[in-house]
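In: My questions are about this predicted structure, shown below with the sequence.
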Amino acid sequence: MLLWILVICVGLIGAIADVMVSYWSQTNRLSWWLGAAVGSLGFVTGLGVIIRRGMSDGYTLTIALVLVVLCNLALVVVWDVYSSGTSPTVLQWVGVVLALGAVVCLELGRK
């Protein structure tokens, strides 16, 4: 259970850092860049903790990474839809479905 909470929290940290990078690219303000740098450092550190915790729970590096990136992606999509009102295209939804399928395949193939 702790692993799943960590995955969501680290995905959220990564999504916030991604949004800050987006604001930095629009405004070129140092404060957004610094926030994104700190967020990215927190994201990578959290990913390391998840990989370590996942290995002790029997999960491989691949599944840990896919889960965190998928959670990060989902939260960025939610932010994008909320902030700009855009919705993903059909092809992007196909990508989401394929990513979810990858998680299922990786989980079913776990020893």
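Out: Structure's in. What do you need? Residues are numbered from 1 along each chain as shown.
In: which ones are touching the residue nearest in space to the middle of the chain?
Out: Geometric centre of the chain, nearest residue: residue 72, 1.9 Å, by Cα atoms, centre = their mean. By Cβ atoms under 8 Å, 6 or more residues apart in numbering, the contact list for residue 72 reads 10-11, 14-15, 18, 43. The C-beta positions use only the backbone N, C-alpha and C, and glycine is treated the same way.
In: Go again with 10 Å.
Out: Counting by Cβ atoms under 10 Å, 6 or more residues apart in numbering, residue 72 touches 7-8, 10-18, 43, 47.
In: Throw these into a markdown table and include pLDDT, thanks.
Out: Formatted as a markdown table, the contacts of residue 72 follow (pLDDT from 0 to 100):
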| residue | pLDDT |
| --- | --- |
| 7 | 86 |
| 8 | 87 |
| 10 | 92 |
| 11 | 89 |
| 12 | 91 |
| 13 | 94 |
| 14 | 93 |
| 15 | 92 |
| 16 | 94 |
| 17 | 95 |
| 18 | 93 |
| 43 | 95 |
| 47 | 90 |
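In: out of these, which are inside helices?
Out: 7-8, 10-18, 43, 47 (DSSP state H).
In: Give me the buried subset of those.
Out: With burial judged by 16 or more other Cβ atoms under 10 Å, the buried subset of these is 7, 10-18, 43, 47.
In: With distance to residue 54 added, can I get these in a markdown table?
Out: Written out in a markdown table, the entries for those read as follows (distance: Cβ to Cβ, whole Å):
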| residue | distance to residue 54 |
| --- | --- |
| 7 | 9 |
| 10 | 11 |
| 11 | 14 |
| 12 | 18 |
| 13 | 17 |
| 14 | 16 |
| 15 | 20 |
| 16 | 22 |
| 17 | 21 |
| 18 | 22 |
| 43 | 16 |
| 47 | 10 |
